[in-house]
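**Q** Coordinates for the following, if possible.
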Amino acid sequence: MSLGAVRISVVLAGCLWLMACATDSTNNAPNNSFLTFPSLFRPSAEAEATGSTDTAFPSPDKVMPATLLPSEPNDDLSLAKENFREGNYGLAERYFRKAAEQGPRDAEAWLGLAAAYDRLKRFDLADRAYNEVLRIAGPTPEILNNQGYSFMLRGDFTRAQKILLDARAKDPNNPYIKNNLALLEDSVRARKAVR
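**A** Predicted structure coming up:
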């Protein structure tokens, strides 16, 4: 098979994958925004199957704003998501930051950057990235969910609850928001920040 045919096959496979993501049963949010993407963080398949609240951060696998073209396998955004999934949050931050610098209106890059900062416990920088993604995409349920989780990581349960309740009001059936509200309740009971 020639190199050109391989490239075309890879692009077509990526497009089919993206089409499957757009119809994935986990993306139940109504399409009321120019950006439609599930939460950047996705509970593990185990957590989804059992309804467990162990994992509040979904993986970046399924994130693809409808307005973006498929990523190249080695572009900054793809490398950022891969590193985030593998727990390499420092490298993920670096690639998300580069992607945000190259595409300053790319909500996906800013949301990923905020999440990487959360995992690095750089909440001051996470707040800046959340402010930027909110400016670009508005207060979508997905963004509010991730921002609420950020406040849970900090132990600011009051603020986390307010933001998560706002997210639930926008999308009452979102499993990630439900998961985070249950995790918040457990954290409040234990009086411990999420780890």
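**Q** Nearest spatial neighbour of residue 174, chain-adjacent residues omitted?
**A** Nearest residue to residue 174 in three dimensions, chain neighbours excluded: residue 141, at 5.6 Å (Cβ to Cβ, 6 or more residues apart in numbering). All C-beta atoms are positioned from the backbone trio N, CA, C, and that covers glycine.
**Q** and residue 115, how many neighbours?
**A** Using other Cβ atoms under 10 Å, residue 115 is surrounded by 29 other residues.
**Q** Secondary structure of it: a strand, I assume?
**A** No - Residue 115 is assigned helix when assessed by DSSP: H, G, I helix; E, B strand; the rest coil, not a strand.
**Q** ok, the residue nearest to residue 79 when sequence neighbours are not counted - how many residues close by?
**A** Excluding its sequence neighbours, the residue lying closest to residue 79 (Cβ to Cβ, 6+ apart) is residue 95, at 4.5 Å. A count of nearby residues for residue 95, using other Cβ under 10 Å, gives 24.
**Q** Could you list the buried residues of the helix or strand in which residue 95 is found?
**A** Here residue 95, judged by DSSP states H and E, is contained in helix 89-102. Within helix 89-102, the residues that count as buried by 16 or more other Cβ atoms under 10 Å are 89, 91-100.
**Q** ok, residue 97 touching residue 112?
**A** No - counting by Cβ atoms under 8 Å, residue 97 sits too far from residue 112 to count as a contact (9.4 Å).
**Q** follow-up on the earlier one: quick one: the residue nearest to residue 174 from residue 127, how far?
**A** The gap separating residue 141 from residue 127 is 19 Å, by Cβ to Cβ, to the nearest Å.
**Q** of those two, who's got more company?
**A** Legend: neighbour count by other Cβ under 10 Å for residue 141 and residue 127, higher for residue 141 (26 against 16).
**Q** The more buried one and residue 91, how far apart?
**A** 28 Å.
**Q** Only alpha carbons, please: show the host helix or strand of residue 130 as PDB.
**A** Secondary structure from DSSP H and E places residue 130 in helix 123-137. Taking only C-alpha atoms (Å, rounded to 0.1, in the frame of the first residue of the first chain), the coordinates of helix 123-137 have been written out as PDB:
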ATOM      1  CA  PHE A 123      -5.100  26.500  40.800                       C
ATOM      2  CA  ASP A 124      -4.200  30.100  40.100                       C
ATOM      3  CA  LEU A 125      -3.300  29.100  36.500                       C
ATOM      4  CA  ALA A 126      -6.300  26.800  36.300                       C
ATOM      5  CA  ASP A 127      -8.600  29.700  37.200                       C
ATOM      6  CA  ARG A 128      -7.100  31.700  34.300                       C
ATOM      7  CA  ALA A 129      -7.600  28.900  31.900                       C
ATOM      8  CA  TYR A 130     -11.200  28.300  33.100                       C
ATOM      9  CA  ASN A 131     -11.900  32.000  32.700                       C
ATOM     10  CA  GLU A 132     -10.600  31.900  29.100                       C
ATOM     11  CA  VAL A 133     -12.600  28.800  28.100                       C
ATOM     12  CA  LEU A 134     -15.700  30.400  29.600                       C
ATOM     13  CA  ARG A 135     -15.100  33.500  27.600                       C
ATOM     14  CA  ILE A 136     -14.700  31.500  24.400                       C
ATOM     15  CA  ALA A 137     -17.500  28.900  24.900                       C
END
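**Q** Cool, thanks, talk later.
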